[in-house]
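*Asks:* Okay, structure incoming, though there's no sequence with it:
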């Protein structure tokens, strides 16, 4: 084991080169993101283990024949070495699998923190390897001198050389830090001297132009407008967002006391009860903070608006034990946005508001204006005046140059990501206001600050270039991005999507020209044109062609069914139901059950429950064991006040679905009111395996 750990240092170097080669070969389009990282890590671990095993086997056999070469490790030392080996494997190879590493630069920035412990153990091994290597080398030299193979006069110089070589190993990471450009590009430099970007981040947000001017050297380019950005107003409320946007201002406000009057609230954690308890303890007297009841109301507002179709879902809504659960970061941020609105409405009369954006909160856009590194939330809907826009453009033009001139900025990955994120947020504000020229310029500055920012690149394309059909430029940007970060599968997927959109638009132009030339279109061409419009998101045009198709004579029932389904997906529910009427009139006897349920769904979305009965009955004849369908039949029968049919369908659903069916009944407002007698009757006839049902209750 001792000799194996010595060899592991050499094997690690070899393994790193092998892993890097594997990572390079298994990156790019067509390969699942993260595959190269996982296989490379596995190769590195196997090479190290092979080195340890080889060292143990061969050196042990050699030591048995050499009396003067033996290990003096006691049992505790051996256990310690075995423990570090096991710990390293668990915290490296196993963690690589469990952490679902994608291998792209952004994921690497997040994941590397998880592997600090395994790197710590690896550093211990390096130290052990150096110490044991020197010890083994010293014993080997002494043995050679004793045998007469090596002159005694060379013993001391060789020992000194070995010691110098061991000490020089410590200089390797320092050398890599200052010479390995890819390491700095992907992981950032390790030094902190001269990195004052965190101070700039917080100080310039809170104090504005005054803070910037007092820190500029005499020979540096001055601010274009010495009054922009202004400092935050007294007693302002500041919504922090990203990690730097929370922790840096917190330090500035409470430790450095740069602006102790500012109230800092994290927009990302407002839905967390523990955080809100802290905010109530900290700020509950001077400003209004939502109570637990307000937080519950925000949650209910989100659920109600999602179910009413007024708000995008952006999350998974599940019902467990009668309670609605929301999962997913975007869904939680929707609730956070509602709570932000509550805080804003209650406090805006007495406090100014500012935000360092984390996720987009759409209700804020009409109120936002640029404010240096961040944005101000005005008390009323406020247009972006030309003077404000010019101040913002001149400021960021100056500040981008100022940052890029700093030698340490390109060695500071968190600084690049943070300032690029700040500029992207303001660029998104311009895009939301329809100021596409200003938005493009701001996004390009964000890309200059951090060229591989997914947000700057993807939002520039999505919010600016695609809105102007500038597909070639979008693809060029993505090709450059994919070359820099080949393990990020989203870049390749986005490029493929844009190419499809470009091809679809070309197809639309071709078919439209064909229709204008011949004054008509063949049914297949019209259907293809409708599908093209649907893929482009032009739902009205797609629905127009689909409705025209549905009115043609001699159209096959299969094509009619397809048209009805597509109209339903376009939210044209009345048109879809009308097409399904034609389908039902010509429905063949051997219709697949799935098509029957699709017809049921279309009628349900169109608000025509009476028409659901026939296709649902036919479906149940083909699939009599589908308890969900029996519950649907029970609901329809209850709505039509058909008591006997409702009871029969409920009984079938409970017999087949048992506890799952019971839970769905409890979630169904129609069935919950009428299911009691059926459950009681089933109890009297015998147990059916339903939880909560026993001789004393239902």
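*Replies:* That came through, no problem. Owing to the predicted nature of the structure, the values given are computational and were not obtained by experimental measurement.

*Asks:* Can you verify residue 492 is assigned to a strand?
*Replies:* No. Counting by DSSP: H, G, I helix; E, B strand; the rest coil, residue 492 is not part of a strand but helix.

*Asks:* Can you give me the neighbour number for it?
*Replies:* 20 (other CB atoms under 10 Å). (C-beta placed from N, C-alpha, C; glycine too.)

*Asks:* quick one: it and residue 482 touch, right?
*Replies:* Yes. Using CB atoms under 8 Å, residue 492 makes contact with residue 482 at a distance of 5.7 Å.

*Asks:* Can you list the buried residues in stretch 378-394?
*Replies:* By neighbour count with 16 or more other CB atoms under 10 Å, stretch 378-394 contains the buried residues 378, 384, 388, 389, 391, 392, 393.

*Asks:* likewise stretch 82-95?
*Replies:* 84, 85, 88, 89, 91, 92, 93, 95.

*Asks:* was I right about the first one contacting residue 122?
*Replies:* Pointing back at residue 84 there. No. With contacts counted by CB under 8 Å, residue 84 stays clear of residue 122, the gap being 9.5 Å.

*Asks:* any idea where the helices of the stretch 351-500 of the chain begin and end?
*Replies:* 386-405, 413-432, 436-449, 454-460, 471-484, 489-518 (DSSP state H, counting those that start in this stretch).

*Asks:* With respect to residue 310, which of those helices lies nearest?
*Replies:* helix 413-432 (18.9 Å; CB to CB).

*Asks:* what's the spacing between that closest one and its chain's center?
*Replies:* From the chain centre to the centre of helix 413-432 is a distance of 17 Å (CA atoms, centre = their mean, to the nearest Å).

*Asks:* again, but for stretch 453-469
*Replies:* The answer for stretch 453-469 is 17 Å, by CA atoms, centre = their mean.

*Asks:* What are the buried residues along it?
*Replies:* For stretch 453-469, by 16+ other CB under 10 Å, it's 453, 454, 455, 456, 457, 458, 459, 460, 461, 463, 464, 465.

*Asks:* ditto for stretch 180-187
*Replies:* 184, 185, 186.

*Asks:* Same check on stretch 346-358?
*Replies:* Buried-residue list, stretch 346-358, by 16+ other CB under 10 Å: 347, 348, 351, 352, 353, 354, 355, 356, 357, 358.

*Asks:* so where do the strands sit in this protein?
*Replies:* Remark: strands assigned in the chain by DSSP state E are 237-240, 263-266, 316-320, 323-327, 353-355, 368-371, 374-377.

*Asks:* need the least confident one among those, by mean pLDDT.
*Replies:* Of all the strands of the chain, the minimum mean pLDDT falls on strand 316-320 (a mean of 51).

*Asks:* In TSV, list the buried residues of stretch 180-187 along with pLDDT and distance to residue 280.
*Replies:* Formatted as TSV, these follow (pLDDT from 0 to 100; distance: CB to CB, whole Å):
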residue	pLDDT	distance to residue 280
184	91	44
185	91	44
186	88	42
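
*Asks:* which of those residues lies closest to residue 307?
*Replies:* Closest to residue 307, out of all of these and judged by CB to CB, is residue 186, at 44.1 Å.

*Asks:* Run through the residues that contact the closest one.
*Replies:* 105, 108, 413 (CB atoms under 8 Å, 6 or more residues apart in numbering).

*Asks:* sorry, back to before: lowest-confidence entry in the buried residues of stretch 82-95?
*Replies:* If you rank these by pLDDT, residue 93 sits at the bottom with 76.

*Asks:* Quick check: closest non-adjacent residue to that one.
*Replies:* Nearest residue to residue 93, sequence neighbours excluded (CB to CB, 6 or more residues apart in numbering): residue 45, at 4.6 Å.
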